[in-house]
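A.B. asks: This is a predicted model, with the sequence first.
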Amino acid sequence: MSDTPPESTASSEAPAFDEMTRDIAEVPAVEVIVTVAVNLMSAAAVKLGLTEEGDKYKDLDEARKLVHALAGLLDASATEISSFHAAPLRDGLKSLQLAFREASIVPDEPGHGPGEKYTGPVYGK
């Protein structure tokens, strides 16, 4: 017996990949950047315990990585996306940074929290 799938299965997958490639080619870069940023924000909110499930998925180490990646993406793409798109993303990032600071048992020094390398210090209440 061979582990190789039948040819009909392999050939039926190719059109789907071609279709996805065409779909991606039609999406403007700004839309891709904003979509990735929103996904990072959503994932960070879950890891910060800000969803209905609360602490069930809370993991500050994972949240730190996601917030830092979001800040880096927004910093790198600042000149590429309009302020129409950037302003709400920056507001969301700041909210996540503040939530991280409040959730931390031992808060980072100002300027050393997740993403603050890119945004500057974020101060809590």
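C.D. replies: In hand now; what should we look at?

A.B. asks: OK, contacts around Glu31?
C.D. replies: Neighbouring residues of Glu31 by C-beta atoms under 8 Å, 6 or more residues apart in numbering: there are none. C-beta coordinates here come from the backbone N, C-alpha and C atoms, glycine included.

A.B. asks: element containing it?
C.D. replies: helix 29-47 (DSSP states H and E).

A.B. asks: residues of stretch 97-106 that come out buried?
C.D. replies: Neighbour-count burial for stretch 97-106, counted by 16 or more other C-beta atoms under 10 Å, picks out 97, 99-101, 103.

A.B. asks: wait, stretch 76-94
C.D. replies: 77, 81, 85-86, 89-90, 92-93.

A.B. asks: Narrow those residues to those in helices?
C.D. replies: 77, 85-86, 89-90, 92-93 (DSSP state H).

A.B. asks: can these go into TSV with extra columns for pLDDT and distance to Pro110?
C.D. replies: Converted to TSV, those look like this (pLDDT from 0 to 100; distance: C-beta to C-beta, whole Å):
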residue	pLDDT	distance to Pro110
Ser77	96	25
His85	91	27
Ala86	94	23
Leu89	97	22
Arg90	96	18
Gly92	97	20
Leu93	98	16
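
A.B. asks: residue ranges with poor pLDDT in the chain?
C.D. replies: Low-confidence segments of the chain, defined by pLDDT under 70: 1-15, 20, 22, 125.

A.B. asks: Grab the nearest non-local neighbour of the residue at minimal distance from the centre of the chain.
C.D. replies: By C-alpha atoms, centre = their mean, the chain has its centre lying nearest to Leu40, at 1.4 Å. Using C-beta to C-beta, 6 or more residues apart in numbering and skipping the chain neighbours, the partner closest in space to Leu40 is Leu70 (4.2 Å).
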